[in-house]
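Novice: using only what follows, build the 3D model:
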Amino acid sequence: QVQLVESGGGLVQAGGSLRLSCAASGSTFSISDMGWYRQAPGKQRELVASISHGGTTNYAGSVKGRFTISRDNAKNTVYLQMNSLKPDDTAVYYCHANNGAALTPFYRDYWGQGTQVTVSS
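Specialist: Modelled structure (predicted):
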């Protein structure tokens, strides 16, 4: 099993920055991809950004150029640097990890408890 613990959320004014961190513990040897999702009130959870074990990144179009995902494999930690924040970025942000075995019966994924990000106008 893998446990994910997020930190770094909070309240910020539009145009400001926040940095989220997510530390993994447990069976971290099994982790392949890591990423961040978010869910705003009344909306579905959506992918914000993801990063493979080798560092390949993927971003939602709405955050491209403003957010940067990175990871430190030695620390089993993934980060999300969020710049030029907008009120539309307000959501609960969830850390996600998987074992890379997509489309197989062995696929496992894990979620953090979420951290609130609120951007005021």
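Novice: residues contacting residue 107?
Specialist: By CB atoms under 8 Å, 6 or more residues apart in numbering, the contact list for residue 107 reads 98-99, 101. Every C-beta, even on glycine, is put in place using the N, C-alpha and C of the backbone.
Novice: which stretch of helix or strand covers the residue lying closest to residue 7 once chain neighbours are set aside?
Specialist: The shortest distance from residue 7 to any non-neighbouring residue, by CB to CB, 6 or more residues apart in numbering, is to residue 21 (5.1 Å). According to DSSP states H and E, residue 21 maps onto strand 18-26.
Novice: sorry, back to before: wait, what's in contact with the residue nearest to residue 7?
Specialist: 6-8, 77-79.
Novice: sorry, back to before: partner strands of the strand holding residue 21, parallel or antiparallel?
Specialist: Strand 18-26 sits in its sheet next to strand 2-7 (antiparallel), strand 77-82 (antiparallel), going by DSSP bridges.
Novice: circling back to that earlier point, which of the contacts of residue 107 fall within strands?
Specialist: residue 98 (DSSP state E).
Novice: measure residue 32 to residue 86 for me?
Specialist: For residue 32, the distance to residue 86 (CB to CB, to the nearest Å) stands at 31 Å.
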